[in-house]
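A.B. asks: got a predicted structure plus its sequence, pasted below:
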Amino acid sequence: MNWRAFDLNLLIVFEALMQDGSVTRAGKRLGMSQPAMSHALNRLRYLLKDQLFIRTPKGMVPTPRAEQLALPLRHALAEMQRALEPETFVAAQANRRFAIATNNYAAIVMAAPLVAAVSAAAPLVQLDLRPSGTLDVFDHLDSGELDVVIGTFDAVGERFGSAALLEDRFVAVMRRGHPAGRGTLSAATLGALPHVAISSSGDDTGFIDRSLATRGARRRIVLRLPYLSAGAVLGQSDMVATLSRRVAEAMVQGSALQLRELPFTSPTVRTSMLWHRRLDGYPAHRWLRDLVASVSRRL
């Protein structure tokens, strides 16, 4: 291949098509018309001697050749972008995008103050907040698709850097005026209540069952539902849910719900920030990580 004749902008088109699976959506992302995108795709097909993307009812599906090219080209584009970044990062003047994946806890607790902090310090910076539960976050950090992941992690590879952000414990949430809302909540009372399990939380609440069992009680889960439905259901029933305190405080605010302390010691939930170590020295990423840490300290 004659690399002097190869337009590197075509690689950006290729990456957008890989991510969006649609000529129209990829064109909107890049600010290109559909005819311009189709022309670029045809040039790619000619230069690389492969169809690359096949149109199907579900969108543009990459061929095996495109799948083979995707990761090394993504790495190359990410490295080019970082190489061209200025040596200093002036937040007030910066015009770039940061991709951040968050678990449900971080999305509820940290998203709003983080967006506010970025808007105040860097009004031209765009945030791309994504739910981490639908992603292979380690792969996305490796490929450069994500700048930072915020969530709860076990052991991570040496190629990742991490920083502790928040610690939290669990509380019970129930409607105001609940029969169990007066006085101290005992293990027997908590065990007798119908419990709601939050299917989208990702929290391990098995400690409740173990703690109740040692006190001769047992939890009865009658319903599983996502965060989105929990507040309304709890507010109109005698069910109870066990949630991380900061999530519970956000749910209770302005609602007909109340918090109750659990009748036993709750384990600690630790939220951390994760990034790829190759980004350690880049000013823009240091600024982002410092800002995330600053927001968490204020919480």
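C.D. replies: That came in fine, so what should we check first?

A.B. asks: any chance you could list what contacts the lowest-mean-pLDDT helix or strand in the chain?
C.D. replies: Each helix and strand of the chain was given a mean pLDDT (mean pLDDT, DSSP states H and E); the minimum falls on helix 64-84 at a mean of 81. Helix 64-84 is contacted by residues 11-12, 14-15, 18, 48, 50, 52-53, 62, 143-145, 279, 282 when judged by CB atoms under 8 Å, 6 or more residues apart in numbering. In this view, the C-beta of every residue, glycine as well, is placed from N, C-alpha and C.

A.B. asks: go again with 10 Å.
C.D. replies: 8, 11-12, 14-15, 17-19, 44, 48-54, 60-63, 96, 139-140, 142-145, 276, 278-279, 281-282, 284-285 (CB atoms under 10 Å, 6 or more residues apart in numbering).

A.B. asks: all strands for this protein, in order.
C.D. replies: 53-56, 59-62, 97-102, 126-131, 148-151, 160-168, 170-175, 194-198, 220-225, 240-244, 257-260, 269-276 (DSSP state E).

A.B. asks: for those strands, give me CSV that also has distance to F207 and mean neighbour count.
C.D. replies: Shown next, in CSV, are the strands of the chain (distance: least, CB to CB, whole Å; neighbours: other CB atoms under 10 Å):
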stretch, distance to F207, mean neighbour count
strand 53-56, 46, 13
strand 59-62, 43, 16
strand 97-102, 24, 20
strand 126-131, 25, 14
strand 148-151, 19, 24
strand 160-168, 14, 16
strand 170-175, 8, 24
strand 194-198, 13, 19
strand 220-225, 14, 13
strand 240-244, 9, 24
strand 257-260, 16, 18
strand 269-276, 11, 20
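
A.B. asks: how about those in JSON lines, adding mean pLDDT and distance to A40?
C.D. replies: Putting the strands of the chain into JSON lines (pLDDT from 0 to 100; distance: least, CB to CB, whole Å) gives the following:
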{"stretch": "strand 53-56", "mean pLDDT": "91", "distance to A40": "12"}
{"stretch": "strand 59-62", "mean pLDDT": "89", "distance to A40": "13"}
{"stretch": "strand 97-102", "mean pLDDT": "95", "distance to A40": "21"}
{"stretch": "strand 126-131", "mean pLDDT": "94", "distance to A40": "23"}
{"stretch": "strand 148-151", "mean pLDDT": "96", "distance to A40": "31"}
{"stretch": "strand 160-168", "mean pLDDT": "95", "distance to A40": "34"}
{"stretch": "strand 170-175", "mean pLDDT": "96", "distance to A40": "52"}
{"stretch": "strand 194-198", "mean pLDDT": "95", "distance to A40": "45"}
{"stretch": "strand 220-225", "mean pLDDT": "95", "distance to A40": "45"}
{"stretch": "strand 240-244", "mean pLDDT": "96", "distance to A40": "47"}
{"stretch": "strand 257-260", "mean pLDDT": "95", "distance to A40": "53"}
{"stretch": "strand 269-276", "mean pLDDT": "95", "distance to A40": "29"}
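
A.B. asks: which stretch among those comes nearest I208?
C.D. replies: I208 lies closest, by CB to CB, to one member of the strands of the chain: strand 240-244, at 5.8 Å.

A.B. asks: and that closest one, what does it pack against?
C.D. replies: Applying 3 or more CB pairs under 10 Å, 6 or more residues apart in numbering; DSSP states H and E, one finds that strand 240-244 contacts helix 104-109, strand 160-168, strand 170-175, helix 187-192, strand 194-198, helix 227-235, helix 245-252, strand 257-260.
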